[in-house]
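S.K.: task: produce atomic coordinates for the following.
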Amino acid sequence: MGWLAELFETNRIIVLSVYGQVFFVMGLAVAFQSRRRSRLPLAGPLGWLAAFGIVHGLMEWGYLFVPIQAGFLPQAIIEALLLLQLLLKPLSFALLFQFGVELLHSARGGQAPKFSLLRAVPAVSLVLWAVATLAISALIAPGPAPDPRPWLPSPDLLPALAAVGQPLAVGDVVARLMIALPGAVVAAIGLRRVRRLLGSSPAPSGASALGVASIAFVVYALVAGLVPLPAPFLPASVLNGQVVLDTLGVPIEVFRSLTGLAIAVAIILSLEVFEHETDRTLAEARRRELLLRERERIGRDLHDGIIQSIYAAGLHLEQASAEVGSDPDATRSRIGTVMGELNRITQDIRGTIFDLRSGELEARDAEAIVLAVADELQAHTLVTLEIRSEGAFRPRLTPDQADHLRHIAIEAFSNVLRHARASTVTVAMACEPERFRLEIRDDGRGFDPVATEATAGGRAQGLANIRRRAELLGAELAVEAADGRGTTLSLTMPVATVRQPT
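M.R.: Numbers count the residues shown, from 1 in each chain. From the prediction side, this is the model:
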């Protein structure tokens with residue numbers, strides 16, 4: 001083991017630098033993660049973890065930089081820096097403890113009284129640490145300075161260590177056993193509970209990283225909480241950093257660095273859950289916007305089309321009532337006109353019903369969704385439907401994909417019903433690996449796409465809705481039309497597919 005110990009001793013500056021860096025970088029990464037509007041139970045407590053990482057990283061860098069300054073600064077200042085490093089140690093552990101407590105409190109929804117009381121424990125532990133450090137230092141006999149091995153080797157540091165060595169050793173032991181050990185364990189338990197709460201998260205890798213971080217904190221409780229500086233009392237006199245070095249030939253700082261690296265990587269990866277939460281929020285906002293626009297369009301169609309037509313029909317009936325005795329032929333003509341108008345209004349209302357239908361589709365079969373909408377069209381009109389389906393695969397959609405496809409089909413058939421005056425509609429579907437193609441062709445009067453899309457309502461609004469939904473699906477959309485030559489709408493969307501049984 002001698003060569004291994006010598007290797008680490010030669011490269012101690014690297015070990016100490018990496019040790020502080022992993023915690024400091026984790027703290028910065030967490031601190032810069034925007035989560036002010038997050039509703040996840042992890043969001044609030046992360047501030048305490050960020051503070052722990054930054055403070056603990058600075059404290060660990062003290063083992064590197066205080067010895068460097070010992071050759072330039074007076075001994076009194078070096079002693080003050082050593083005591084400051086000592087104070088940062090329990091403070092950083094208390095921040096970790098607070099992180100774990102806040103996790104438990106947040107995982108309970110902030111409603112459990114016992115966890116509310118537990119939130120004061122880290123602050124109380126700091127006070128108890130100060131009392132215990134002073135009491136134990138006063139009770140034990142003065143001894144030699146602590147092993148300078150945790151610090152970067154420097155002969156200039158030895159006088160300062162001799163002066164404040166006993167409080168350094170006692171404070172280190174008490175901080176690790178009283179604060180770091182329970183703090184890391186509570187943090188691990190809190191992460192595990194939050195991980196269970198996020199079990200159905202759409203960011204499984206982020207949730208899994210929380211489980212890894214929980215395990216890493218358990219290991220950290222062992223290597224950071226149970227292995228202090230050597231001290232002339234139990235348990236530090238039996239298990240300490242020097243014993244680990246003599247037994248394994250590897251400084252305890254190496255194990256702490258590796259554990260800290262695992263914690264840092266796992267925590268940084270777990271921040272993915274906030275990105276997915278943001279994506280879900282934006283998707284929901286887009287859905288609400290589409291719904292609002294559809295409602296506005298339907299309201300506009302009702303006002304500009306159906307309501308005005310009903311009003312006109314009422315005027316005809318009023319005029320027919322005035323003419324019923326004087327001009328029976330004109331009255332019959334007006335009544336016939338009203339009946340024709342009411343039939344047209346009925347067709348318009350049926351078309352609008354397509355858009356008002358709501359509810360989730362249990363089936364996620366793309367062909368079944370299109371056929372259900374097509375059957376609805378055929379049931380209420382005299383249009384002839386021709387349906388073709390080909391391909392050795394079946395498309396399987398997510399709920400969002402199913403909803404968008406259903407609304408695209410409704411909008412397309414609704415346009416046929418209200419505007420095309422078609423006698424035949426051909427629906428062609430084809431499914432290839434990872435791709436579904438839908439084509440809806442009618443033999444109606446067609447339209448000018450350029451002129452229509454320049455307008456603000458009617459078919460133009462319907463096409464705009466279809467285009468927005470196609471964008472959300474990541475689909476390719478093509479509309480081919482010309483006056484008097486019908487319309488063809490083609491949609492090609494990426495989907496999950498399964499091979500049809502033969």
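S.K.: now do the same for the spatially most central residue of the chain: its pLDDT.
M.R.: Centrality entry for the chain: nearest residue to the mean C-alpha point is residue 276, 2.4 Å, by CA atoms, centre = their mean. Confidence at residue 276, expressed as pLDDT, is 73.
S.K.: that one touches residue 206, doesn't it?
M.R.: Yes: the criterion here is CB atoms under 8 Å, and residue 276 meets it with residue 206 at 6.9 Å. Heads up, the C-betas are built off the backbone N, CA and C, glycines and all.
S.K.: one step back: A helix includes the residue nearest to the centre of the chain, no?
M.R.: Yes: counting by DSSP: H, G, I helix; E, B strand; the rest coil, residue 276 falls inside a helix.
S.K.: confirm that residue 44 lies within a helix, as I assumed.
M.R.: No: using three-state DSSP, the secondary structure at residue 44 is coil, not a helix.
S.K.: next, it: phi, psi?
M.R.: Dihedral pair for residue 44: phi -60, psi -50, per degrees, to the nearest 10.
S.K.: next up, the contacts around the residue nearest to it when sequence neighbours are not counted.
M.R.: Sequence neighbours aside, residue 106 is the residue nearest to residue 44 in space, at 5.7 Å (criterion: CB to CB, 6 or more residues apart in numbering). Applying CB atoms under 8 Å, 6 or more residues apart in numbering, one finds that residue 106 lies in contact with 41, 42, 44, 45, 194.
S.K.: if I read this right, the second one contacts residue 267, doesn't it?
M.R.: Put plainly, it is residue 42. No: between residue 42 and residue 267 there is no contact under CB under 8 Å: 9.9 Å.
S.K.: number of residues surrounding residue 120?
M.R.: 11 (other CB atoms under 10 Å).
S.K.: against residue 102, how distant is it?
M.R.: Counting by CB to CB, to the nearest Å, the gap from residue 120 to residue 102 is 12 Å.
S.K.: and the two most separated of the contacts of residue 106?
M.R.: 44 and 194 (11.0 Å; CB to CB).
S.K.: give me the more crowded residue out of the two.
M.R.: The neighbour comparison of residue 44 against residue 194 (other CB under 10 Å) goes to residue 194, with 24 against 16.
S.K.: helix, strand, or coil at that one?
M.R.: Classified using three-state DSSP, residue 194 is helix.
S.K.: confidence score at residue 492?
M.R.: 93.
S.K.: in a helix, it, correct?
M.R.: No: with three-state DSSP as the criterion, residue 492 is strand rather than part of a helix.
S.K.: which residues touch the nearest residue to residue 119 once chain neighbours are set aside?
M.R.: Take residue 119 and drop its neighbours on the chain: the residue closest to it by CB to CB, 6+ apart is residue 101, 5.3 Å away. Under the criterion of CB under 8 Å, 6+ apart, the neighbours of residue 101 are 115, 118, 119, 121, 122, 186, 190.
S.K.: closest to residue 171 out of the residues you listed?
M.R.: residue 122 (16.7 Å).
S.K.: immediately after the helix or strand the closest one falls within, which helix or strand?
M.R.: Using DSSP states H and E, residue 122 falls within helix 121-139. Counting by DSSP H and E, the next helix or strand C-terminal to helix 121-139 is helix 158-175.
S.K.: wasn't residue 395 part of a strand?
M.R.: Yes: the assignment for residue 395 is a strand, going by three-state DSSP.
S.K.: that one touches residue 367, doesn't it?
M.R.: Yes: using CB under 8 Å, residue 395 is in contact with residue 367, at 7.0 Å.
S.K.: noted, bye for now.
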